[in-house]
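Undergrad: Next input, structure requested:
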Amino acid sequence: MDGSLIGFLSLVAVLGLIAFGIPVAISILSVTILGMYALLGDSFLFTTFETSVWASSTKYSFAVIPMFILMGEFAGGSRIITDLYNACYRWLGGMRGGVYNSTILASAGFAAISGSTIVNAAVFTRVALPEIDRLGYHRGFGAGCIAASGTLAAMIPPSLTIVLFGFLTEQSIGGLLIAGILPGLLTGLMLMLMVWISVRARPSLAPESVETFPLREKIASLWDIWPVALLATTVLTGIYTGTVSPSAAGTVGAVGALLIALIKRRMTMEIFLGSLKRTAVISASLFLIIIAGLLFSRMLLFSGAVSDLSAFMNSSGFTPFTFMACVVIGFFIFGMFIDPVTMMVISIPFLFPSVVAMDLNPIWFGIIIVKLIEIAAITPPIGINLFAVMSASDGKVSGSDIFKGVLPFVLIELCVLGLLLAFPIISTYLPSQM
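TA: Have a look, this model is predicted:
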């Protein structure tokens, strides 16, 4: 059988296995093993798995993943997220739709110390949803707001999604993380703009009477957010200035989060051990997916499918505009049905060689992919953040409610995507100044 055909059939087989509920890493590894055996025989298969798995899993740069996860776990366990949300509500609660905007602002702050969109969405469901119900806000729109603001963790560093893209493409993780700052802030502002428009176009989304707080209480609340500000500033400044590598910055952040929890006397042995356990489980899952993705990429390279696809694009007269349009449409459609991480792992090995061949900026392309992952995470019917909110709400939020409530935020995310496509400097300016 032709090598390129084996490569393309492998992609179809991976999608098929995942559709039948087989875990992502197992699906990719199984197909990779069969593909390598069919292409080059058992000797090459065993040698590749022996050398590549070890080389990939022992990279120092991989330490960034557990360290960033541990930082977020310590921060969540010390309840500084509740303090952050309360401080934001003191300042924004007096305006119409203030609960929604407080959720977005606090989510952006938490995103700066936690790289998981699912964790972000789940945490703020437990923190913000009770306030939404207490004040008589629209539960479906509020749930959509929580899910959408949770995706900020995919863009604002330390983002595990950006780190994953960096590993798959061997690009500078530090440069990619810094590139996510301005797009992340832009997304947060646009989400708040959507809230402002929505509560005025549909007054039923937010009550007219709002809580107000004295200036003294607002200023006092700022003291509660110093841990988040300190952690985020330390990590991002270290990466931006080159003082520390991303891996070392994650370690500094994790130690800082632990010290803050101890200073606030909110760290118990149960929280500490639970944070370590969750970090180990999440890290192991991500490592397995990354290693599977790297091996799958190597198999596709040897099959000739990647070079054939690049040659087809060149011979067909594909322009960068046409290529990016196909990527956006493809990710948007498949993102409705496929887990975002899965979509990235199986698509990047095909797409990135064409990005290099067309001389597109790889950092800009990475940010576009992350934005598409954000949109996929809140696009019905398989938006992973939507299910995270429904699960964390203990049955209070139904699927139909959150599907309807999140649609305005999907639209505003598409607007942000358009801005990032039209103005690449938003993504490339800060990395160029590093």
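Undergrad: Which positions within the helix or strand hosting Leu419 qualify as buried?
TA: Element membership for Leu419, per DSSP states H and E: helix 399-422. The neighbour-count check on helix 399-422 (16 or more other C-beta atoms under 10 Å) flags 401-406, 408-410, 412-413, 416-417, 420-421 as buried. Any C-beta I mention is one placed from the backbone N, CA and C, and that applies to glycine too.
Undergrad: so what does it touch, helix or strand wise?
TA: Judged by 3 or more C-beta pairs under 8 Å, 6 or more residues apart in numbering; DSSP states H and E, helix 399-422 is in contact with helix 139-150, helix 181-201, helix 320-334, helix 362-377, helix 384-392, helix 425-432.
Undergrad: quick one: contacts of that helix?
TA: 138-145, 147-148, 151, 183, 186-187, 190-191, 193-194, 198, 324, 328, 364, 367-368, 371-372, 374-375, 378-381, 383, 386, 389-390, 426-427 (C-beta atoms under 8 Å, 6 or more residues apart in numbering).
Undergrad: Filter those down to the buried ones and hand me the ChimeraX line.
TA: Buried residues within those, by 16+ other C-beta under 10 Å, are selected in ChimeraX with:
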select :138,139,140,141,142,143,144,145,147,148,151,183,186,187,190,191,194,198,324,328,364,367,368,371,372,374,375,378,379,383,386,389,390,426,427
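Undergrad: Looking at the buried residues of helix 399-422, which one is closest to Ala55?
TA: Of all the buried residues of helix 399-422, Ala55 sits closest to Leu420, with 33.8 Å by C-beta to C-beta.
Undergrad: Tell me the spacing between the closest one and Ile363.
TA: Applying C-beta to C-beta, to the nearest Å, the value for Leu420 to Ile363 is 12 Å.
Undergrad: joint contacts of the two?
TA: Counting by C-beta under 8 Å, 6+ apart, the residues touching both Leu420 and Ile363 are Ser427.
Undergrad: follow-up on the earlier one: and of the helices and strands packed on helix 399-422, who's closest to Met344?
TA: That would be helix 362-377 among the helices and strands packed on helix 399-422, by C-beta to C-beta, at 6.3 Å.
Undergrad: tell me which strands and helices that closest one is in contact with?
TA: Using 3+ C-beta pairs under 8 Å, 6+ apart, helix 362-377 sits against helix 152-155, helix 160-169, helix 173-179, helix 181-201, helix 320-334, helix 340-357, helix 399-422, helix 425-432.
Undergrad: Make JSON lines out of these and add distance to Phe124 and mean pLDDT.
TA: Shown next, in JSON lines, are these (distance: least, C-beta to C-beta, whole Å; pLDDT from 0 to 100):
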{"stretch": "helix 152-155", "distance to Phe124": "10", "mean pLDDT": "92"}
{"stretch": "helix 160-169", "distance to Phe124": "17", "mean pLDDT": "89"}
{"stretch": "helix 173-179", "distance to Phe124": "22", "mean pLDDT": "92"}
{"stretch": "helix 181-201", "distance to Phe124": "13", "mean pLDDT": "95"}
{"stretch": "helix 320-334", "distance to Phe124": "25", "mean pLDDT": "89"}
{"stretch": "helix 340-357", "distance to Phe124": "19", "mean pLDDT": "84"}
{"stretch": "helix 399-422", "distance to Phe124": "13", "mean pLDDT": "94"}
{"stretch": "helix 425-432", "distance to Phe124": "26", "mean pLDDT": "94"}
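Undergrad: And these: which comes nearest Leu92?
TA: helix 181-201 (8.9 Å).
Undergrad: could you give the angle of that closest one to helix 362-377?
TA: Here the directions of helix 181-201 and helix 362-377 differ by 30 degrees (axes from the mean of the first three to the mean of the last three C-alpha atoms, to 10 degrees).
Undergrad: Over to Pro380: give its phi and psi.
TA: Main-chain dihedrals, Pro380, degrees, to the nearest 10: phi -60, psi 150.
Undergrad: Was I right to think it contacts Gly335?
TA: No. Using C-beta atoms under 8 Å, Pro380 is not in contact with Gly335; the gap is 10.5 Å.
Undergrad: contacting residues around Lys86?
TA: Small correction: residue 86 is Asn, not Lys. Asn86 neighbours (C-beta under 8 Å, 6+ apart): Ser221, Asp224.
Undergrad: what kind of secondary structure is it in?
TA: Using DSSP: H, G, I helix; E, B strand; the rest coil, the structure places Asn86 in helix.
Undergrad: Any figure for the gap between it and Leu411?
TA: 30 Å.
Undergrad: Ok, Ala112 next?
TA: 25 Å.
Undergrad: and what of Ser297?
TA: 34 Å.
Undergrad: can you list the residues that contact stretch 333-341?
TA: 15, 18, 24, 161, 164, 289, 343, 372-373, 375-377, 379-384.
Undergrad: The helix or strand bottoming out on mean pLDDT in the chain packs against which elements?
TA: Ranked by mean pLDDT, DSSP states H and E, the helix or strand of the chain with the weakest confidence is helix 305-315, at a mean of 73. Packing partners of helix 305-315 (3+ C-beta pairs under 8 Å, 6+ apart): helix 3-19, helix 340-357.
Undergrad: Let me know which of these is tucked in deepest.
TA: Comparing the helices and strands packed on helix 305-315 by mean neighbour count (mean count of other C-beta atoms under 10 Å), helix 340-357 comes out on top with a mean of 21.
Undergrad: In contact with Met344: list those residues for me.
TA: Listed by C-beta under 8 Å, 6+ apart, the contact partners of Met344 are Thr161, Leu164, Phe165, Leu168, Ile369, Ile373.
Undergrad: count of residues packed around Met358?
TA: When neighbours are defined as other C-beta atoms under 10 Å, Met358 has 16 of them.
Undergrad: Sounds good, over and out.
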